[in-house]
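*Asks:* let's see this in three dimensions:
(2 chains)
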Amino acid sequence: METSDLTKIFGTLTAVDRVSLKIDEGEIFGLLGPNGAGKTTLLMMLSTLLKPTSGSAAVNGFDVLRNPGKVRESIGMVFQDPSSDELLTGYENLKLHALLYDLPESKTKDRIEKVLELVDLSERRNDQVKKYSSGMRRRLELARGLLHSPKVLFLDEPTLGLDPQTRERVWRYIERLVTEENVTILITTHYMEEADRLCGRVAIIDHGKIIVLDSPENLKNKLGGDVVRVKIQNAQIEKLKRLDFIKRIETSDEMVDLTVEDVGKNLQEILRVIGEAEFVEVRRSTLNDVFLCYTGREIRAESETPEGGWQERAVRAGLNR
Amino acid sequence: MSARKVAKGLYALWYREFKVFTRERSRVVSSIVTPLFFMLVLGRGIGSLVNLPGIGYEAFIFPGFLAMMVLFTSVFFGTYVVWDKRIDFLKEVLISPLTRATIFSGKVLGGVTDSMIQVILLMLIGILLRVQFDVLGVVSAVFMLFVFAVGMVSLGLVIGSFMESPQGFGLVGTFVIFPLFLLSGALYPIGGLPSWMAALTQLNPVTYAVDGLRSALLNVSSFSFLFNLTVVSAFSAAMIALGTWSFNRMKL
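*Replies:* Purely as a prediction, here's the structure:
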């Protein structure tokens, strides 16, 4: 999968701004970014649902503009929003999908059983989707995206709204897909642990641009240390600024986060300079720290977007129907 | 794309529409009861005032109500495209390997099936009420209704592809349907109308569907069955072309 200067402009808004990526076969690539950063728009272009304003993209070796049919045959997609028919049962939705993707009839049944098993919906297969909880709908979406064994899989927030058990199973399955079937996966997520766990490389994207691209490990190392969170007065902060092993100081509410090189050795020195602190906590830096460092703000929860989260929309659509 | 893939895709889309149709029984019942109610009330009510030579008014408006039923259910079928956009089901279909033309055709098949099931039920009720139609007439009428339904479902899908909200579809749909119905001669003979109204009526494709049905079922008509069928077919073909185009340019 490859993009070159891929751009999408909606009116005055540049949703995706000259993005160039190269993702290898069998790689799990993570796309991280705040809401509205352009992740979904990028996925829509790669899956031929949106035409790029300029630039080019190829998926599984097929150009999205010149060969959209071939691209669509190669890909599977798990959307952020539920896209199953509520009046059909889980099984019927999957059967419909198998027909749309021309799965051989002989394999369809087994394959549906397998994916239902995977997302733990076997027992609810004959219930209409409108009777499913939002987590179950999500799992059905996932089952559907995997059903036709695509070469390239796009996962837009695949584990949003799932309980920890199911999430763990889904992660393990995603990993297996890559090792056993050499599927290439492009995943967008707000869960940093998910990106950390799954992705070989991640790109942090904001305002339509790629800000940084590397392996989660390298990104964490680049931060230059671990995090010490303390509760102290402003006067003490001034003193800390003189210590050169403190790479960064960030204040949020009453707490101060210090990024510290070689914490094991330097913690004592910090505590000595501060004198008395109300609260001290030391932790390893995570991908979350990396994310905040580059995007400079907390990740906004999905439900804070103006149109509401997908669960809300599902409920509303259900009510209206 | 191979013919098998297209055929499976069409079947998939039809399968979905058909399943949804059978699960919304209230829709089926209300869509049959409404025209039946209109037919009996108008037929008896106005029929007691109007005297049409040869046939009674009730018989005269029966083909008009068959056309009404197909017109309403077919055009309003387009509403489901808007719903598909809302629940994002449309994305699932648009991202599949099928071409937009195939997706449009599958939708038309689904919508026409809905309309035909309902209109055939209505027709059976009509036949039960007054057993006068001959077999050839009924078959010709069903064929006419089919061709007509294809055009009207396509029209509904065209409107649906442009609309964002089901409410918006309701407004536009009603705005399109009522003039088509009222200016079709479904309720009155089209001879002897004021000239402006006659002109509008002659431009209305529904007129020819109604007239064709009347000729098939009652042997009373202004034009020949074949002429009517030709006009309705041409209209439907144009709507298919327009629908394919509008699905090709449809955005999410």
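
*Asks:* what does the stretch 1-150 of chain B put close to chain A?
*Replies:* B:1, B:4-5, B:8-9, B:11-12, B:15-16, B:19-20, B:23-24, B:83, B:86-99 (CB under 8 Å from any CB of the partner chain). Just so you know, the C-beta spots here come from the backbone N, C-alpha and C atoms, and that holds for glycine as well.

*Asks:* residue 172: helix or strand, and which one exactly?
*Replies:* This is for chain A. Assessed by DSSP states H and E, A:Arg172 sits inside helix A:164-181.

*Asks:* sorry, should have said chain B
*Replies:* Short version, using DSSP H and E: B:Val172 is in helix B:166-182.

*Asks:* angle of whichever helix or strand comes after that helix against helix B:166-182?
*Replies:* Using DSSP H and E, the helix or strand that follows helix B:166-182 towards the C-terminus is helix B:195-203. If you take axes from the mean of the first three to the mean of the last three CA atoms, to 10 degrees, helix B:195-203 sits at 110 degrees to helix B:166-182.

*Asks:* what's next to helix B:195-203, contact-wise?
*Replies:* B:183-185, B:190, B:193, B:207 (CB atoms under 8 Å, 6 or more residues apart in numbering or on different chains).

*Asks:* pick out the residue of chain A closest to chain B.
*Replies:* Chain B sits closest to A:Leu99 of chain A, with a gap of 3.4 Å, by CB to the nearest CB.

*Asks:* against A:Lys241, how distant is the residue nearest to that residue when sequence neighbours are not counted?
*Replies:* Excluding its sequence neighbours, the residue lying closest to A:Leu99 (CB to CB, 6 or more residues apart in numbering or on different chains) is B:Ala12, at 3.4 Å. With distances taken as CB to CB, to the nearest Å, B:Ala12 is found 64 Å from A:Lys241.

*Asks:* which one of these two is surrounded by more residues?
*Replies:* B:Ala12 (24 against 9; other CB atoms under 10 Å in any protein chain shown).

*Asks:* doesn't A:Leu100 make contact with that one?
*Replies:* Yes: if you go by CB atoms under 8 Å, B:Ala12 and A:Leu100 touch, sitting 4.9 Å apart.

*Asks:* name the SS class of the residue nearest to A:Leu99, please.
*Replies:* Secondary structure state of B:Ala12, per DSSP: H, G, I helix; E, B strand; the rest coil, is helix.

*Asks:* what sits against it?
*Replies:* Contacts of B:Ala12 (CB under 8 Å, 6+ apart): A:96, A:99-100, B:106.

*Asks:* coming back round to it: out of the residues of the stretch 1-150 of chain B next to chain A, which sit inside strands?
*Replies:* Among the residues of the stretch 1-150 of chain B next to chain A, DSSP state E puts none in strands.

*Asks:* could I have the buried ones of those residues as PyMOL selection syntax?
*Replies:* Here is the PyMOL selection string for the buried members of those, based on 16 or more other CB atoms under 10 Å in any protein chain shown:
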select buried, chain B and resi 5+8+9+11+12+15+16+19+20+83+86+87+88+89+90+91+92+93+94+95+96+97+98+99
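
*Asks:* any idea how far the residue nearest to A:Leu99 lies from B:Glu92?
*Replies:* In terms of CB to CB, B:Ala12 sits 11 Å off from B:Glu92.

*Asks:* which residues do these two both contact?
*Replies:* Joint contacts of B:Ala12 and B:Glu92 (CB under 8 Å, 6+ apart) are A:Leu100.

*Asks:* now for the helix or strand harbouring A:Glu194, which elements pack on it?
*Replies:* Using DSSP H and E, A:Glu194 sits in helix A:192-198. For helix A:192-198, the packing partners by 3 or more CB pairs under 8 Å, 6 or more residues apart in numbering or on different chains; DSSP states H and E come out as strand A:28-32, helix A:164-181, strand A:184-189, helix A:287-295.

*Asks:* out of those, which gets nearest to A:Val212?
*Replies:* Comparison of those against A:Val212 by CB to CB identifies helix A:287-295 as nearest, at 5.6 Å.

*Asks:* residues in contact with the closest one: which ones?
*Replies:* A:32-34, A:37, A:192-193, A:195-196, A:202, A:204, A:206, A:211-212, A:216, A:219-220, A:222-223, A:227, A:248, A:250, A:259, A:298-299.

*Asks:* please repeat the previous calculation with a cut-off of 7 Å.
*Replies:* Identification of contacts with helix A:287-295 by CB atoms under 7 Å, 6 or more residues apart in numbering or on different chains yields A:32-34, A:192, A:195-196, A:204, A:206, A:211-212, A:216, A:219-220, A:223, A:227, A:298-299.
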